[in-house]
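K.L.:
show me the folded form of this:
(one chain, ligands or ions: 1)
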Amino acid sequence: MTSGGDAPGMNAAIRAVVRACAYYDVSCIGFYRGYQGMIENDFVDMPPRSVKNIINLGGTVLRSARSADFRTVKGRQQAYHNLKENKVDAMVLIGGDGTFTGGLIFSEEFDIPVVGIPGTIDNDICGTQSTIGYDTALNTAVYAIDKIRDTASSHNRLFFVEVMGRDAGFIALNSGVGAGAEEILIPEEDQALDKLLESLKRSKRSGKLSSIVVCAEGDKTGKNVFELADYVHEHMPEYNTRVTVLGHLQRGGSPSCFDRVLASRLGVKAVEFLLDGQRDIMVGFDGEKIVSTHINSVTKGSHDINRELLRISDILSV
Ligand code: F6P
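P.N.:
Model (predicted):
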């Protein structure tokens, strides 16, 4: 099943799980809409040909949902009943930390082995260097910011671009550096407004005519991106400010090659770990090989952002 926010590459992961099951002679079904589909017994048989021509598709063919019913004991009992009826004896969960937390509770309550595959554009899951969808979202954000730069420089404007990341600054930091942003605001760093103004004024004095500030949704300025643009305009009326919120377009689109390969590797390994008798783990990528981490440690926090990138960004925006 896929659960939580969709991410490009989830289909490649579904395909890999289904094909690995066929390869090892294990039958496979897919539940629609995550845990909600399990509760409603809404599923499809997944023989190997059922996943043809989906490796390149964004979204998820199994669709996704955040299930309130699964948070109740009654909902989970119904889900278990349906699993047993369908002779399911292990589950592969593609999603984020909320998906894995639910999976672990379920596994402990009903003794069903689960393996998680990290799929979210936010990259906010520890136990993997990269989540499925993150690379594609980064490329989408950079592509969009490049276009905004054209208008920023043609009209000497200061643009505030909001990217996704309610609790994590991975997309903002990396797309900001990749697109040459002047300033990058992220949830992990308490960037004071006076520091932002100071830095924009310095750039203006050095002869910059236009600038781009990339803000993560959850930055710590205490203002949303529109309030932030107004605040800067009040203190620097010489700047013509504009705001662009990239929003959900970052979640869609055909997955990058990196995400397809990552999803394929994680999907196969998820099945192999289950067949080896491992349970309640998440598969992840350590930069070289596929590794496993107990879901307990995965759900306890995200890995830290690369602070060196903040320093690099400061130097490059001189
Ligand atoms: O997929 C994660 C995420 O993109 C967050 O960065 C964002 O805040 C959230 O999803 C929004 O998701 P939804 O609109 O589905 O609630």
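
K.L.:
so how far is F160 from the closest residue to K208 other than its chain neighbours?
P.N.:
Closest residue to K208 apart from its sequence neighbours, by C-beta to C-beta, 6 or more residues apart in numbering: E182 at 7.4 Å. Heads up, the C-betas are built off the backbone N, CA and C, glycines and all. Per C-beta to C-beta, to the nearest Å, E182 is found 10 Å from F160.

K.L.:
also I281?
P.N.:
Applying C-beta to C-beta, one obtains 41 Å for the distance of I281 from F160.

K.L.:
now do the helices in the stretch 101-250 of the chain.
P.N.:
Taking DSSP state H, counting those that start in this stretch, the helices of the stretch 101-250 of the chain run over residues 134-154, 170-178, 193-205, 225-235.

K.L.:
for the residue most central in space within the chain, give me the pLDDT.
P.N.:
Per C-alpha atoms, centre = their mean, the C-alpha nearest to the average position across the chain is that of I121, at 1.9 Å. The model reports I121 with a pLDDT of 97.

K.L.:
over to V318?
P.N.:
The predicted local distance difference test score for V318 is 85.

K.L.:
likewise for P118?
P.N.:
The score at P118 is 98. That number is its pLDDT.

K.L.:
which ones are touching the spatially closest residue to it that is not a sequence neighbour?
P.N.:
Among residues not flanking P118 along the chain, T131 sits closest, at 4.2 Å (C-beta to C-beta, 6+ apart). Counting by C-beta atoms under 8 Å, 6 or more residues apart in numbering, T131 makes contact with A7, G96, P118, G119, T120, I121, D122, N123, D124, I125.

K.L.:
what sits closest to the first one if chain neighbours are left out?
P.N.:
Closest residue to A7 in three dimensions, ignoring its sequence neighbours and counting by C-beta to C-beta, 6+ apart: G133, at 2.7 Å.

K.L.:
dihedrals phi and psi, the one you found?
P.N.:
With angles defined as degrees, to the nearest 10, G133 shows backbone torsions of phi 110, psi -20.

K.L.:
how much space between Q36 and D280?
P.N.:
Distance of Q36 to D280, given as C-beta to C-beta: 22 Å.

K.L.:
the more surrounded of the two?
P.N.:
Using other C-beta atoms under 10 Å as the criterion, Q36 and D280 rank with Q36 on top: 22 against 19.

K.L.:
tell me which other helices or strands the helix or strand containing that one touches.
P.N.:
Counting by DSSP states H and E, the element that carries Q36 is helix 34-40. Secondary structure elements in contact with helix 34-40, counted by 3 or more C-beta pairs under 8 Å, 6 or more residues apart in numbering; DSSP states H and E, are helix 73-85.

K.L.:
in a markdown table: the contacts of T131, plus distance to L209.
P.N.:
Converted to a markdown table, those look like this (distance: C-beta to C-beta, whole Å):
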| residue | distance to L209 |
| --- | --- |
| A7 | 37 |
| G96 | 41 |
| P118 | 42 |
| G119 | 41 |
| T120 | 37 |
| I121 | 32 |
| D122 | 33 |
| N123 | 33 |
| D124 | 35 |
| I125 | 40 |
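
K.L.:
just the ones in strands from the residues you listed, please.
P.N.:
Helix and strand membership here follows DSSP state E; of the contacts of T131, those in strands are P118.

K.L.:
ok, and of the contacts of T131, which contact the ligand?
P.N.:
T120, I121, D122 (C-beta under 6 Å from any ligand atom).

K.L.:
can you pull the residues of the stretch 51-200 of the chain lying near the ligand?
P.N.:
In this structure, the stretch 51-200 of the chain approaches the ligand at residues T120, I121, D122, M164, G165, R166, judged by C-beta under 6 Å from any ligand atom.
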